[in-house]
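Peer 1: pasting a predicted model and its sequence here:
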Amino acid sequence: MKGSPTLTHRLSKRLGQNFLNDSQIVDRIIQALDPKSNETVIEIGPGRGALTAQLVETAGAVVAIEFDRNLIAGLLERFGSSRNFKLVHSDALSTDFCFVIKPANQARLVANLPYNISTAILQRLIEQRSCLTEMVLMLQREVVERIAAPAGSTDRGYLSVVVGAYCETEKLFDVAPGAFRPIPKVWSSVVRLKVRPRIAFAVKDEALLWRVVSAGFAQRRKTILNNLRSAPPRLQELIKLHGGASIVLCQAEVDLRRRAETLTLEEWARITRLLE
């Protein structure tokens, strides 16, 4: 999470940096996370350390992941003497979070994710969910709306299904553009994602599930039937082996005229189980 009362670092447009500059918002995020003295907290993008300063006072251990090499010296100068602070100069898109938190086996995570790569980082975090129990994230508001969109909402998409399968989602509050420097053109939202102990529905082949969901959302204006008929060759062959898209959907009790955004998690699971 990036924040500081002073501006001494040139912001990087390439890295999508917008530093949080509102102490009240920082306090609300800390309250939402409620760090404990016996736990490890990961912070992606500590920036100038506004949030980090409160984390090192309350959490048992803080592992900060910072990609911008120009911020490293300042962070080490400010927090390097704290016994519970560990700084990792790394790209969150390639970081092994389960490794960097050792000797801890689990951690909670907080981050103000750059708008330009927030979806990619979120998917990376879900991939590493075995050592993450909860995430409090600030994202572009429309991304949070997509994540939280229920079946039937026009905002629902592939990301909604992925996050819903592995996490319980709770939108906490919105953040106005004026809370950042430089001021972005969009609103942000803070969301809590509690990692489920297991996927929300039973399937044997999770990789197949995500191939099916991806194909289902390939062209949003098309019905689920037409999208599955136009699936990538490997999946299309599997569908044909089970009688074709219309037969599979009928057996899964999914109306052929529906679109992907109307399907529930259980309906995606039923389609997948028929193909396993």
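Peer 2: In hand now; what should we look at? Computed from a predicted model, the values in this text were never measured in an experiment.
Peer 1: the residue located most distally from the centre of the chain and Gly216, how far apart?
Peer 2: Going by CA atoms, centre = their mean, the residue of the chain most distant from its centre is Gly243, 36.1 Å out. To Gly216, Gly243 is 18 Å away according to CB to CB, to the nearest Å. (C-beta placed from N, C-alpha, C; glycine too.)
Peer 1: quick one: secondary structure of Asp174?
Peer 2: strand (DSSP: H, G, I helix; E, B strand; the rest coil).
Peer 1: any idea how far Gln128 is from the residue positioned nearest the centre of the chain?
Peer 2: Per CA atoms, centre = their mean, the C-alpha nearest to the average position across the chain is that of Leu122, at 2.6 Å. For Leu122, the distance to Gln128 equals 11 Å [CB to CB].
Peer 1: got any residues that touch both of those two?
Peer 2: By CB atoms under 8 Å, 6 or more residues apart in numbering, Leu122 and Gln128 have no common neighbours.
Peer 1: assign the residue farthest from the centre of the chain to helix, strand or coil.
Peer 2: Assigned by three-state DSSP, the conformation of Gly243 is coil.
Peer 1: what about the helices in this protein?
Peer 2: 23-33, 50-58, 69-79, 97-100, 118-127, 141-148, 158-166, 206-216, 224-229, 233-241, 245-251, 265-275 (DSSP state H).
Peer 1: how about the ones you listed in CSV, adding distance to Ala176 and mean pLDDT?
Peer 2: Formatted as CSV, these follow (distance: least, CB to CB, whole Å; pLDDT from 0 to 100):
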stretch, distance to Ala176, mean pLDDT
helix 23-33, 9, 97
helix 50-58, 17, 95
helix 69-79, 25, 95
helix 97-100, 30, 97
helix 118-127, 18, 95
helix 141-148, 10, 96
helix 158-166, 24, 97
helix 206-216, 34, 98
helix 224-229, 38, 98
helix 233-241, 43, 97
helix 245-251, 44, 98
helix 265-275, 33, 98
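Peer 1: can you check which of the ones you listed gets nearest to Ser188?
Peer 2: Closest of those to Ser188 is helix 141-148, at 5.9 Å (criterion: CB to CB).
Peer 1: pLDDT at Gly3, what is it?
Peer 2: The score at Gly3 is 41. That number is its pLDDT.
Peer 1: could you do Arg181 as well?
Peer 2: On the pLDDT scale, Arg181 gets 82.
Peer 1: against Glu57, how distant is the closest residue to it other than its chain neighbours?
Peer 2: Using CB to CB, 6 or more residues apart in numbering and skipping the chain neighbours, the partner closest in space to Arg181 is Asn21 (4.6 Å). Asn21 is 20 Å from Glu57, where distance means CB to CB.
Peer 1: more neighbours, the two?
Peer 2: Just comparing Asn21 and Glu57: by other CB atoms under 10 Å the higher neighbour count belongs to Asn21, 21 against 13.
Peer 1: pretty sure that one sits against Phe180.
Peer 2: Yes: counting by CB atoms under 8 Å, Asn21 touches Phe180, with 6.1 Å between them.
Peer 1: Arg108 contacts Cys131, correct?
Peer 2: No: here Arg108 does not reach Cys131: they are 10.4 Å apart, not a contact under CB under 8 Å.
Peer 1: list the contacts for the residue nearest to Phe201 when sequence neighbours are not counted?
Peer 2: Nearest non-adjacent residue to Phe201, counting by CB to CB, 6+ apart: Ala269, 3.9 Å away. Applying CB under 8 Å, 6+ apart, we find Ala269 in contact with 201-203, 209.
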